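K.L.:
Starting from these lines, generate the structure:
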Amino acid sequence: MSIKYVIKEGTAGFKRAKLAVTTSIFSLFIAVLLLGILSRIFYNVYTQAMDLREIQIEVFLFDMDGQSTNELRNQIEGEELVTNVTYISKDSASTIAAEELGAGVTELIELNFLPASFKVDVNTNSGAELVESLASRIQNMRGVDEVEYNKALLQALESNLSTFSLIGVSLGILILLAAVVLVYNTIRLTIYAKKDLIRAMKLVGATNGFIRSPFIVEGIIQGVVAGGLAVLSVFAIFEFLVPIYVPDIGIVAWPFGRWYFLVVAMLSLSVLMGWWGSRLASRKYIAETYISG
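P.N.:
This next block holds a predicted model:
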């Protein structure tokens, strides 16, 4: 198979069906651009939600000796979800309360009535049910008086994040399908425009793979062009337009802190959609062209 022939024929479709090709590239461009914007926004929303999800369980203790306190601490540290345990003595608790409540409660604080406690940091990836189960196990440990954490906030964040994720994934799938369908239709039109040539090639022994190759190359080229334009647009939107017109938003970080993760993902996705749409169309309609001939 001649690579030169495949590339030449793959780019020839841009001349034969200019409107269809332009529509396909524009649709791919819009699809990848929207997905790039959604990905960058979702990443920032997710990271901020994780910051708010910083889970800390406060474990208030009955009066007990140092050995019992250490045993309880070791027991809590042995829990899989626990990342850190900080002990707050009765004296430290009174000092902290005095700093937070002000001088007006000095006499009350001097009574030293506040219990000792543990501040237990929990893995932020833990779900609300797992945290609730952990809190219940700690509550049943010997020496624990009361367990408190912001259960309502954790449940609300988890619910809203799940809804946001579902909406984002659904939109992404719809956008992808629409773009693939348009590439599919573009390649189909190109195949119909060359149906006589395809029949002639089959009569002289050309294989389906040989005939399909230029159409698949055309789809891939469409993906490269659309992906490149989408990447440039994402740079322009977040690096220039957003800081100028929506300065209150602040810096919208790149996913994982590096620009190239999203760029590679957008280009790869665009090429994949172009390849997939062209492959589906060429497999179906080249066979039909031969049969109908």
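K.L.:
Point to the helix or strand of the chain where mean pLDDT is at its lowest.
P.N.:
helix 106-109 (a mean of 52; mean pLDDT, DSSP states H and E).
K.L.:
excluding its backbone neighbours, what's nearest Glu151?
P.N.:
Let me fix one detail, which is that residue 151 is Lys and not Glu. Glu132 (6.9 Å; CB to CB, 6 or more residues apart in numbering). C-betas here are computed from N, CA, C, even on glycine.
K.L.:
any idea how far Gln155 is from that neighbour?
P.N.:
Distance, Glu132 to Gln155, using CB to CB, to the nearest Å: 9 Å.
K.L.:
next one: Arg188
P.N.:
49 Å.
K.L.:
In terms of neighbours, single out the busier of the two.
P.N.:
Taking other CB atoms under 10 Å, Arg188 and Gln155 do not tie; Arg188 has more neighbours (20 against 15).
K.L.:
Surely the more buried one is within a strand?
P.N.:
No. Counting by DSSP: H, G, I helix; E, B strand; the rest coil, Arg188 is not part of a strand but helix.
K.L.:
Leaving out the residues flanking it, which one is nearest to it?
P.N.:
Ala281 (4.7 Å).
K.L.:
if we can go back for a sec, the residue nearest to Lys151: which element?
P.N.:
helix 128-139 (DSSP states H and E).
K.L.:
Output the contacting helices and strands for that helix.
P.N.:
strand 55-61, strand 117-122, strand 144-148, helix 151-193 (3 or more CB pairs under 8 Å, 6 or more residues apart in numbering; DSSP states H and E).
K.L.:
can you do 10 Å?
P.N.:
If you count contacts as 3 or more CB pairs under 10 Å, 6 or more residues apart in numbering; DSSP states H and E, helix 128-139 packs onto strand 55-61, helix 66-77, strand 117-122, strand 144-148, helix 151-193.
K.L.:
so is Asn84 in a helix, a strand, or just coil?
P.N.:
Per three-state DSSP, Asn84 ends up strand.
K.L.:
Now do the buried residues in the helix holding Glu132.
P.N.:
Buried positions in helix 128-139, judged by neighbour count with 16 or more other CB atoms under 10 Å: 128, 131, 134-135, 138.
K.L.:
hang on, Ala20 packs against Asn185?
P.N.:
Yes. Counting by CB atoms under 10 Å, Ala20 does reach Asn185; the two are 7.3 Å apart.
K.L.:
what about those two, which has more around it?
P.N.:
Legend: neighbour count by other CB under 10 Å for Ala20 and Asn185, higher for Ala20 (20 against 16).
K.L.:
Which helix or strand contains the more buried one?
P.N.:
Going by DSSP H and E, Ala20 is part of helix 18-52.
K.L.:
I'd like the average pLDDT over the strand or helix carrying the residue nearest to Arg188.
P.N.:
Here Ala281, judged by DSSP H and E, is contained in helix 259-292. For helix 259-292, mean pLDDT is 79.
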